[in-house]
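J.: Structure, please.
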Amino acid sequence: MPHRKSAGIVKMVPVASDVEAALHMVEHVGVAVVPGSSFYSQPELGRHVVRFSFCKRMETLRRAGERMRTQLDPPS
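T.: Sure thing, here's the model as predicted:
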């Protein structure tokens, strides 16, 4: 997947917040992420990002990448 500038996950999926983006990712993409707002004392500072964790197995990481590639990239 090509690198995207850090405009935030909310720009990549059709949602209004990091919490909605996290739910969308789990329900529609099959990839779990953590809402960025949960890492800030001022949650509004993290509302445009989510946090990914590293998988222990490379195959798990590959499957997550494929899911995001097919579910998040707009059709050509």
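J.: shaky segments in the protein?
T.: Residue ranges of the chain with pLDDT under 70: 1-12, 55, 73-76.
J.: redo that, cut-off 80
T.: Scanning the chain for pLDDT under 80 picks out the ranges 1-14, 53-56, 72-76.
J.: how near is M68 to Q42?
T.: Using C-beta to C-beta, to the nearest Å, one obtains 28 Å as the distance from M68 to Q42. (C-beta placed from N, C-alpha, C; glycine too.)
J.: Of these two, give the one with the bigger neighbour count.
T.: M68 (18 against 8; other C-beta atoms under 10 Å).
J.: Strands along the protein, start to end?
T.: Applying DSSP state E to the chain gives strands spanning 34-35, 50-51.
J.: and those strands as CSV, adding mean neighbour count and distance to E27?
T.: As requested, the strands of the chain are exported to CSV (neighbours: other C-beta atoms under 10 Å; distance: least, C-beta to C-beta, whole Å):
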stretch, mean neighbour count, distance to E27
strand 34-35, 18, 14
strand 50-51, 20, 14
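J.: Redo those as a markdown table? Include distance to V19.
T.: As requested, the strands of the chain are arranged in a markdown table below (distance: least, C-beta to C-beta, whole Å):
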| stretch | distance to V19 |
| --- | --- |
| strand 34-35 | 5 |
| strand 50-51 | 9 |
